[in-house]
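# Prediction below, plus the sequence it came from.
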Amino acid sequence: MPKTKETLLEINLNSLAHNFQYLKSQISNNTKFLAVVKAFAYGSDAAAIAGELEKLGADYFAVAYSYEGAALRDSGITKPILVLHPQPIHFNTIIERCLEPNLYSFKVLEAFIKTAEEGNQIDYPIHIKFNTGLNRLGFNGQDVPEIIQILKATKAVKVRSILSHLGASEDLNEKEFTGKQINLFKSIAETFESQLGSKVLKHMCNTSGILNYPEAHFDMVRSGIGLYGFGNSELQNKHFRPIATLKSVISQIHQLNEGDSLGYNRGLIVEKPTRTATIPVGHADGISRQYGKGKGYVMINGQKAYISGNVCMDMIMVDVTDIDCEEGDEVMVFGMASTADQLAQRAGTISYELLTAISQRVKRKIIS
């Protein structure tokens with residue numbers, strides 16, 4: 001493969017397919033698969049990712065906000081799209097673009113029903129979110145009778161699914177907490193379906209839930225980070241392939257002498273002769289300042305080059321004193337050999353944050 005001559009995010013659809021097939025192998029043939037493609041498909045390319053996953057057989061997609069779903073419709077996606085955090089101001093757009101809202105409070109439930117009734121909708125698909133312990137969004141179990149009363153008073157909407165969200169499915173030390181969440185959701189689901197008088201889809205597993213809690217797969221599972229190459233543990237990561245590789249190039253090499261300073265605020269005062277390389281990627285591209293002063297590193301010719309001084313808006317400087325390299329050489333910020341998860345851990349964060357921070361100004365290249 002030709003070496004890059006610019007900052008570039010390569011997105012490998014073959015790795016995506018591998019991750020999808022692995023996750024599918026962990027669920028039964030009767031369990032539907034919902035692919036989470038919010039936040040530009042975790043910082044990659046939502047249209048390309050969703051398009052490939054639709055071909056591979058994903059049953060559902062999920063985004064955070066309605067404009068993300070509208071963009072997928074514009075790209076040609078035809079499968080159902082769940083909007084996880086819809087805002088009432090966008091309810092007309094949701095209906096116009098055939099998106100499906102996740103309704104989590106009486107205010108949003110009643111507001112959406114009003115919008116649907118004004119638009120003469122019949123049985124418009126909605127999803128009802130229940131809080132089982134994450135305490136972020138969702139109805140409580142005791143709300144079921146009132147929810148059912150509201151639903152039975154209208155023909156404008158029809159419940160497609162009920163869902164909840166696991167709060168600590170990746171942490172096996174929290175099995176008791178997760179077990180309580182699962183049991184609570186089962187109880188809510190039983191009451192809901194009994195009072196509604198019909199069956200609905202049920203789902204609560206994220207990637208770690210798929211891998212660690214098969215008893216909670218229910219009718220559908222949701223995967224985000226797993227599709228992009230991470231399983232939230234070293235044991236599980238071996239089954240996945242990171243789909244994104246962030247590359248750049250050495251713009252210039254400097255030779256610094258003892259006492260010289262480097263970068264803004266004199267972020268580094270060198271104590272011995274030091275050779276540095278300047279690379280055109282910075283915090284405006286998603287490599288935040290927390291990776292500076294030796295916490296983060298890039299790979300140059302197979303060796304780690306640690307970030308020196310402060311991360312700049314458009315550039316980083318790395319120590320290449322002991323690395324055989326020259327201007328124009330390719331740089332890997334993260335990828336297969338040195339993953340986003342490994343880099344994120346050095347800064348005390350997680351792969352999700354690093355991946356989704358990659359700026360839209362970084363050119364994307366789809367590899368299939």
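Thanks, I have it.

# give me the beta-bridge partners of K32?
Counting by DSSP bridges, K32 forms beta bridges with M220.

# H217 versus that one, what's the distance?
10 Å (CB to CB, to the nearest Å). Where you see a C-beta, it was placed from the backbone N, CA and C, and this is true even at glycine.

# Report pLDDT for the residue positioned nearest the centre of the chain.
Closest residue to the average C-alpha location of the chain: Y42 at 3.7 Å, with CA atoms, centre = their mean. As predicted, Y42 sits at a pLDDT of 98.

# any idea which helix or strand comes after the helix or strand where R222 lies?
Taking DSSP states H and E as the definition, R222 sits inside strand 220-223. Counting by DSSP H and E, the element after strand 220-223 in chain order, helix or strand, is helix 234-237.

# Tell me the helix or strand right after that next one.
Remark: after helix 234-237, the chain's next helix or strand is strand 244-249, criterion DSSP H and E.

# And the lowest-mean-pLDDT helix or strand in the chain, how far out from the chain middle?
In the chain, no helix or strand scores lower on mean pLDDT, DSSP states H and E than helix 234-237, which sits at a mean of 86. Relative to the centre of its chain, helix 234-237 is centred 18 Å away, using CA atoms, centre = their mean, to the nearest Å.

# What of stretch 345-361?
With CA atoms, centre = their mean, you get 10 Å for stretch 345-361.

# can you dump the C-alpha coordinates of it into CSV?
Extracted in CSV, the C-alpha atoms of stretch 345-361 (Å, rounded to 0.1, in the frame of the first residue of the first chain):
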residue,chain,number,x,y,z
GLN,A,345,-5.1,4.5,28.0
ARG,A,346,-1.8,6.4,28.3
ALA,A,347,-3.9,9.6,28.6
GLY,A,348,-6.3,8.1,31.1
THR,A,349,-9.2,8.0,28.7
ILE,A,350,-11.0,5.4,26.5
SER,A,351,-10.9,4.5,22.8
TYR,A,352,-14.4,6.0,22.3
GLU,A,353,-13.2,9.5,23.2
LEU,A,354,-10.2,9.4,20.9
LEU,A,355,-12.0,7.9,17.9
THR,A,356,-15.0,10.2,18.0
ALA,A,357,-12.7,13.2,18.5
ILE,A,358,-11.0,12.8,15.1
SER,A,359,-12.0,16.0,13.3
GLN,A,360,-14.0,16.1,10.1
ARG,A,361,-11.2,18.1,8.5
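
# what mean pLDDT does the top helix by length along the chain have?
Taking DSSP state H as the assignment, the helix of the chain that covers the most residues is helix 175-196. For helix 175-196, mean pLDDT is 98.

# from the chain's centre, how far out does it sit?
26 Å.

# Give me the contacts around it.
Contacts to helix 175-196, defined as CB atoms under 8 Å, 6 or more residues apart in numbering, come from residues 128, 130, 132-133, 141, 144-145, 147-148, 151, 159, 162, 164, 166-169, 199-200, 202, 204, 209, 212-213, 215-216, 218.

# From those, list the buried ones, please.
The neighbour count (16 or more other CB atoms under 10 Å) marks 128, 130, 132-133, 141, 144, 147-148, 151, 159, 162, 164, 166-167, 169, 200, 202, 204, 209, 212-213, 216, 218 as buried among the contacts of helix 175-196.

# Show the low-confidence segments of this protein, by residue range.
1 (pLDDT under 70).

# now do 90
For the chain, the stretches flagged by pLDDT under 90 are 1-2, 232-236, 337.

# What ranges does it have for its helices?
Using DSSP H, helices in the chain cover 13-25, 38-43, 46-56, 66-74, 91-96, 106-118, 144-152, 175-196, 207-212, 234-237, 340-346, 351-357.

# Can you give me the buried ones in the last one?
By that I understand helix 351-357. By neighbour count on 16+ other CB under 10 Å, the buried set for helix 351-357 is 351-352, 354-357.

# Which of these sits closest to V311?
Nearest to V311 out of the buried residues of helix 351-357 is A357 (CB to CB; 12.0 Å).

# Setting aside sequence neighbours, what's the nearest residue to that closest one?
G286 (3.7 Å; CB to CB, 6 or more residues apart in numbering).

# Kind regards, and thank you for your time.
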